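Undergrad: can't give you the sequence, but here's the structure:
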């Protein structure tokens, strides 16, 4: 699987985990130079608190386009620190 935005591959892995229709990429599968920590947090009733990254490519930013669960609830332990995408980031095989 690949995550692509603004013509750039942000993440690539054959070890993603699918949860609620989203592909979660292992932490070592992302190209960290495109990710900036965000202060945004949201809460999922069964996964716990999510943290976000803003994606930056060629001077353009996609605010909070990636999220992850640093300390998920027990039901979602398998996606600890795995990264998922939205807001126009294409995820494809």
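TA: Right, received. Where do you want to start? Values in this document were obtained by computation on a predicted structure and should not be read as measured data.

Undergrad: so is residue 78 in a helix, a strand, or just coil?
TA: Three-state call for residue 78 (DSSP: H, G, I helix; E, B strand; the rest coil): helix.

Undergrad: and the one helix or strand residue 41 maps to, what does it pack against?
TA: Residue 41 belongs to strand 35-44 when assigned by DSSP states H and E. The contact analysis (3 or more Cβ pairs under 8 Å, 6 or more residues apart in numbering; DSSP states H and E) places strand 35-44 against strand 48-57, strand 60-68. In this view, the C-beta of every residue, glycine as well, is placed from N, C-alpha and C.

Undergrad: what would the ones you listed look like in CSV with mean pLDDT?
TA: Output for those, formatted as CSV (pLDDT from 0 to 100):
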stretch, mean pLDDT
strand 48-57, 98
strand 60-68, 98
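
Undergrad: with mean neighbour count and distance to residue 37 as extra columns, can I get the ones you listed in JSON lines?
TA: Output for the helices and strands packed on strand 35-44, formatted as JSON lines (neighbours: other Cβ atoms under 10 Å; distance: least, Cβ to Cβ, whole Å):
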{"stretch": "strand 48-57", "mean neighbour count": "19", "distance to residue 37": "6"}
{"stretch": "strand 60-68", "mean neighbour count": "18", "distance to residue 37": "10"}
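
Undergrad: now these in TSV, with distance to residue 87?
TA: Formatted as TSV, the helices and strands packed on strand 35-44 follow (distance: least, Cβ to Cβ, whole Å):
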stretch	distance to residue 87
strand 48-57	8
strand 60-68	4
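
Undergrad: for those, which one sits closest to residue 24?
TA: strand 60-68 (7.9 Å; Cβ to Cβ).

Undergrad: I'm done for today, thanks for sticking with me.
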